[in-house]
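Participant: kindly return the folded structure for what I paste below:
(chains A and B)
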Number of protein chains: 2
Amino acid sequence: MSTQQDVLDAAARARAASHGLALATRARKDAALLAMADALLAAEADLLAANAEDVARAEAGGTPPNIVDRLRLTPDRLAGMAQGLRDVAGLPDPVGEVVRGSTLANGLELRQVRVPFGVVGMIYEARPNVTADAAGICLKSGNAVLLRGSSSARSSNAAIVAVLRDAAVGQGLDADVVQLVPGDSHDSVKALMRARGLVDVLIPRGGASLIRSVVEESTVPVIETGVGNCHVYVDRAADLDKALAVVLNAKTHRTSVCNAAESLLVHAEVADAFLPRVVAALQEAGVTLHGDDSFTAYDGVLAATDEDYAQEYLSLDISARVVPDLDEAIAHIRRFSSQHSDAILTEDQAAARRFVAKVDSAAVLVNASTRFTDGGEFGFGAEIGISTQKLHARGPMGLPEMTSTKYVVTGDGHVR
Amino acid sequence: MSTQQDVLDAAARARAASHGLALATRARKDAALLAMADALLAAEADLLAANAEDVARAEAGGTPPNIVDRLRLTPDRLAGMAQGLRDVAGLPDPVGEVVRGSTLANGLELRQVRVPFGVVGMIYEARPNVTADAAGICLKSGNAVLLRGSSSARSSNAAIVAVLRDAAVGQGLDADVVQLVPGDSHDSVKALMRARGLVDVLIPRGGASLIRSVVEESTVPVIETGVGNCHVYVDRAADLDKALAVVLNAKTHRTSVCNAAESLLVHAEVADAFLPRVVAALQEAGVTLHGDDSFTAYDGVLAATDEDYAQEYLSLDISARVVPDLDEAIAHIRRFSSQHSDAILTEDQAAARRFVAKVDSAAVLVNASTRFTDGGEFGFGAEIGISTQKLHARGPMGLPEMTSTKYVVTGDGHVR
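Facilitator: Next up is the predicted model:
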């Protein structure tokens, strides 16, 4: 049978399973999540053995050590996956929440109620822990999930999903609420992207090129996530001590994440005071600066091109520019930002207000590190990704963002 | 210059104009809406003359009279357009609404605030009144709009948009907050669908084939609207008098709209009592039934095929079937419904609850006509369309549904 047909069959099974899952009580879903956590821990030896196959294959193929590290499971990482499932069990069930309700003038009762999407497709890269995280969040929000991890993690993902499915069945759920997408080739991704009517939403998580190709090719609605060309703008009225701490934190706290800063803008009036400090501190932390003429006056700073300003480095690099005023900072951000997270450092209320109003990003931060744009930091308890699109959900997506709504209209024979 | 480039240029102007509009106060937007209403009435003679060109062209081309009627403007219809703009001015401004807010454990202040999408593309068919309605709703929600009406209404739309733009400028807004998409051919629609990055969301309003082609071809995010294969299910526990009134209302109150009933399901236990009454009443109202064997036993009822059950007639036709039980009614709806609006008639609380839980449509109605799924009826004051997709908005879309949100995070030099 063709890969395409295999994927459509899996999607049809997911659709069938989603009907029962949509009606499952919170008690049943939480029991399944806890059982899944226990089962992952009980299967530690099998899961590590399966993962060792992926790691050996990656190493034999010459995969760089940092990518192999992302692929690797350890007892600690497994424990983290299990704890993640338990945490999701502890969160409120979004399904059934009444978003709004009223009684209309004619006596009709109107309620808008959260319901699951139905079937969610996740397309993601190396880390096998995403497999359990995504399965848990989808299950709790009442969605059947089709998981399409990277082929480099195929043994790990297959082993994890087998454990999760068994645990689901043990709690009276259909095994097909969690499935791996069959097939390893791009054909299987393609089939998933064309499974309109069977799959309700696709969430790609990974690099810019993965996300772009899904957005361009998919006929299934997509929630775009995660590319972050994030800016920190140090205003003329910034407290430069706070600014220095925020720039360092935003750039160096963790470089491989989408909410890390990739670009630094400094108001000309504070350039003489701030540049020596920030260049020294960043270089001390191992950061390579790619700057304009004001910055290249310092030793070790490379000259920036427009590609630098447009780039999400995800490394110890940062682009940097001195701007003549706030409006030029805003114009620069409008031109280059991926509209993920952009921050201003200022003690000037009017400047903060103008920046917040005019910068159109999922998160706009005042005197705070871009690293705070995160479901955990925002108190959502669990996060499936950070949406950088304007439809449906924008910014960190928790459980409520994994639902749709329906209107329930109750009357007594009402006609127009 | 090519059509494609013309459209991209218009989109770029809309993008530029959207920045100012996003920050416009409610007072300024409302003043512009009221000025637009006045200007439409003042330009009555010009607008009717432009419309007469469209009507003459349509009649000369042999367009059916009912389509010509939808194209026609009259002083009454113009007054209705003006009143629509005034009504929108009277509605609350969704922009700036704080959807949620909290102070995090570390003292960061978090607010989720409604913001405009930016640039909205509307693709729609014959009626020129949609031009003013859509412009008004987009303006109030802070969105620049690119209007792509049907070429049959091109003279009317051009005249209306010219009046609206003048009125906007008179109130200090950029003329390019409202634009017609240049070009008459499918190339201009195609260019609009590919203007990702310049256009934030596309909303097609019209027949199933228009919507399908936009959904399939667009790389700009789409909100799917309006195809309604709506069902009325008469349960074994229905009050048959109420059921008769609701079926008649849902089918015949207005046949050309997406919330009209297109399919009737009747529980077998009440078929003997209900079928003679409902067949007679529908036929009396001029409705042609397309039914299963139980229905074709009555004079004048045609035999239904699966195509009938799948069809959105938008005419005085209805498909009809007797089902053995509630679950078969639900299964039929799952198979054939366009997930717009589906109704149950029952006095049995358990049956109502089961139907509401298991039917996954934008609106599920209990003892009420499907005709109530409407922004006006729901009290939204204005409606840009009825979404039948699960992402972003589902059901009637009012002003809040025409916005995105952003997170504003305020600290005092906070770092992680």
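
Participant: C-alpha only now, for contacts and for neighbours.
Facilitator: Will do.

Participant: return the distance of whichever residue of the stretch 1-150 of chain A sits closest to chain B relative to B:Val359.
Facilitator: Here the residue of the stretch 1-150 of chain A nearest chain B is A:Phe117; by Cα to the nearest Cα that distance is 6.4 Å. Distance, A:Phe117 to B:Val359, by Cα to Cα, to the nearest Å: 13 Å.

Participant: same deal with A:Val301?
Facilitator: Applying Cα to Cα to A:Val301 and B:Val359 gives a distance of 61 Å.

Participant: try A:Asp239
Facilitator: A:Asp239 is 57 Å from B:Val359, where distance means Cα to Cα.

Participant: more crowded one of the two?
Facilitator: Comparing A:Asp239 with B:Val359 by neighbour count (other Cα atoms under 10 Å in any protein chain shown), the higher total belongs to B:Val359, at 22 against 17.

Participant: wait, what's in contact with the closest residue to that one other than its chain neighbours?
Facilitator: Nearest non-adjacent residue to B:Val359, counting by Cα to Cα, 6 or more residues apart in numbering or on different chains: B:Ile330, 6.5 Å away. Going by Cα atoms under 8 Å, 6 or more residues apart in numbering or on different chains, B:Ile330 touches B:355, B:358-359.

Participant: out of the residues you listed, which comes closest to B:Gly90?
Facilitator: When the contacts of B:Ile330 are ranked by distance to B:Gly90 (Cα to Cα), B:Val359 comes first, at 35.5 Å.

Participant: report the buried residues of the strand or helix carrying A:Ser209.
Facilitator: Assigned by DSSP states H and E, A:Ser209 belongs to helix A:208-217. Buried positions in helix A:208-217, judged by neighbour count with 16 or more other Cα atoms under 10 Å in any protein chain shown: A:211, A:214-216.

Participant: sticking with A:Asp166, tell me its helix or strand.
Facilitator: helix A:154-170.

Participant: that helix packs against which elements?
Facilitator: Contacts defined by 3 or more Cα pairs under 8 Å, 6 or more residues apart in numbering or on different chains; DSSP states H and E place helix A:154-170 against helix A:26-42, helix A:44-60, helix A:129-140, strand A:178-180.

Participant: what angle sits between that helix and helix A:44-60?
Facilitator: The directions of helix A:154-170 and helix A:44-60 differ by 160 degrees, with axes from the mean of the first three to the mean of the last three Cα atoms, to 10 degrees as the criterion.

Participant: what about the residue in chain A that chain B sits nearest to, how many neighbours?
Facilitator: Taking Cα to the nearest Cα, chain B has its nearest neighbour within chain A at A:His392, 3.4 Å off. Neighbour count for A:His392, taken as other Cα under 10 Å: 20.

Participant: now do A:Gly172
Facilitator: 13.

Participant: chain neighbours aside, what residue packs nearest to it?
Facilitator: Using Cα to Cα, 6+ apart, the closest residue to A:Gly172 is A:Arg28 (7.9 Å).

Participant: kindly report the same for A:Gly96.
Facilitator: Once flanking residues are discounted, A:Gly96 sits nearest to A:Arg114: 5.1 Å by Cα to Cα, 6+ apart.

Participant: next, the contact list for the one you found, please.
Facilitator: A:94-99, A:400, A:403-406.

Participant: inside strands: which ones of the residues you listed?
Facilitator: Residues of those located in strands (DSSP state E): A:98-99, A:403-406.

Participant: ok, and which of these reach chain B?
Facilitator: Near chain B, judged by Cα under 8 Å from any Cα of the partner chain, the entries from those are A:404-406.

Participant: coming back round to it: relative to A:Gly142, how far out is the residue of the stretch 1-150 of chain A closest to chain B?
Facilitator: 8 Å.

Participant: more neighbours: which of these two?
Facilitator: Neighbour tally, A:Phe117 and A:Gly142, criterion other Cα under 10 Å: the higher count belongs to A:Gly142, 31 against 25.

Participant: so A:Arg28 touches A:Ala168, yeah?
Facilitator: No - counting by Cα atoms under 8 Å, A:Arg28 does not reach A:Ala168; the two are 9.6 Å apart.

Participant: so between those two, which is more surrounded?
Facilitator: Taking other Cα under 10 Å, A:Arg28 and A:Ala168 do not tie; A:Ala168 has more neighbours (25 against 15).

Participant: wouldn't the more buried one be in contact with A:Asp174 here?
Facilitator: Yes - with contact defined as Cα under 8 Å, A:Ala168 reaches A:Asp174; the gap is 6.8 Å.

Participant: what sits in contact with each of these two?
Facilitator: Shared contacts of A:Ala168 and A:Asp174, defined by Cα under 8 Å, 6+ apart, are absent.

Participant: give me the phi and psi angles of A:Glu125.
Facilitator: Per-residue torsions, A:Glu125: phi -100, psi -170 (degrees, to the nearest 10).

Participant: how about the helix holding A:Asp166: buried residues?
Facilitator: Buried, per 16+ other Cα under 10 Å, within helix A:154-170: A:154-168.

Participant: just stretch A:314-328 next, same as before
Facilitator: The neighbour-count check on stretch A:314-328 (16+ other Cα under 10 Å) flags A:314-323, A:326 as buried.

Participant: show me which residues of the stretch 51-200 of chain A sit near chain B.
Facilitator: Residues of the stretch 51-200 of chain A found near chain B (Cα under 8 Å from any Cα) are A:104, A:110, A:117, A:200.

Participant: try it again with 10 Å
Facilitator: Taking Cα under 10 Å from any Cα of the partner chain as the contact definition, the stretch 51-200 of chain A meets chain B at A:96, A:102-106, A:108-112, A:115-118, A:194, A:196, A:200.

Participant: could you list which of the residues you listed belong to strands?
Facilitator: Among those, the members found in strands (DSSP E) are A:102-103, A:109-112, A:115-116.
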